[in-house]
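1. sequence and predicted structure are below.
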Amino acid sequence: MTEKDKLFLFFSNEFPFNKEGLEEFINSFTSKHYSKGHILLKNGKTENELRFLDEGVVREFYSNESKEKNINFYLDSEFITDFYSFVSENPTNKYQECITDIKLRVISKKGFQEFLSKYMCGKLFVDEIFQRIIDRKEKELMRHFMNTAEENYNELIQSKPNWLQQIPQYHIASYLGITPETLSRIRKRIS
């Protein structure tokens, strides 16, 4: 499947609203490739491009001098932009790192704003993305605080099995807020 097809399918499946301008919007993206280990986003920087992941795996995390905490993973065919930073023009608190070699399609903020001023469906996209982010984060926060690590791992088995197949276990452990050894014990109990 071509990059254009993945992006078109994303909008067709995820945002089945007005398709006016969709072809023009998709054609305004350019392709970029990054190697495993490349940092896409750094704490303190402001998002200045809309990024769609065509291939590969990206982790999103918080970090300070003493520790890192994974908060999300992105697998191909989804937007990986920190939309809060992108829209508010506030610096992000997050980092994003390529876990594998990746292929992205990007559009600059200026190009995206030109699209928004030309087509109403761009505004609907931003509104819908923000609502989804808020809904997802609220559910994840509640689950992380209310469930045990084992319950959260079982939830990943059910809802995100592709994470468990494509993401190193030490990153999964960080996401769950446990050590890799604890994750290993949980996996043994479950199997």
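-> Everything's here; your move.
2. from here on, just use CA atoms for contacts and neighbour counts.
-> Noted.
3. for whichever helix in the chain runs longest, packing partners?
-> Across the chain, the longest stretch assigned as helix under DSSP state H is helix 120-146. Packing partners of helix 120-146 (3 or more Cα pairs under 8 Å, 6 or more residues apart in numbering; DSSP states H and E): helix 109-118.
4. buried ones in the helix it packs on?
-> 112, 115-116 (16 or more other Cα atoms under 10 Å).
5. closest to residue 153 out of these?
-> Distance to residue 153 across those (Cα to Cα) is lowest for residue 112, with 37.3 Å.
6. next one: that closest one from residue 80, what distance?
-> 15 Å (Cα to Cα, to the nearest Å).
7. nearest residue to residue 70 other than its sequence neighbours?
-> residue 61 (4.2 Å; Cα to Cα, 6 or more residues apart in numbering).
8. buried stuff in the one helix or strand that neighbour maps to?
-> Taking DSSP states H and E as the definition, residue 61 sits inside strand 57-63. By neighbour count with 16+ other Cα under 10 Å, strand 57-63 contains the buried residues 57-61.
9. ok, now stretch 151-167?
-> By neighbour count, with 16+ other Cα under 10 Å as the criterion, the buried positions of stretch 151-167 are 152-154, 156, 163, 167.
10. for it, measure first residue to last.
-> End-to-end distance of stretch 151-167 (Cα to Cα): 19 Å.
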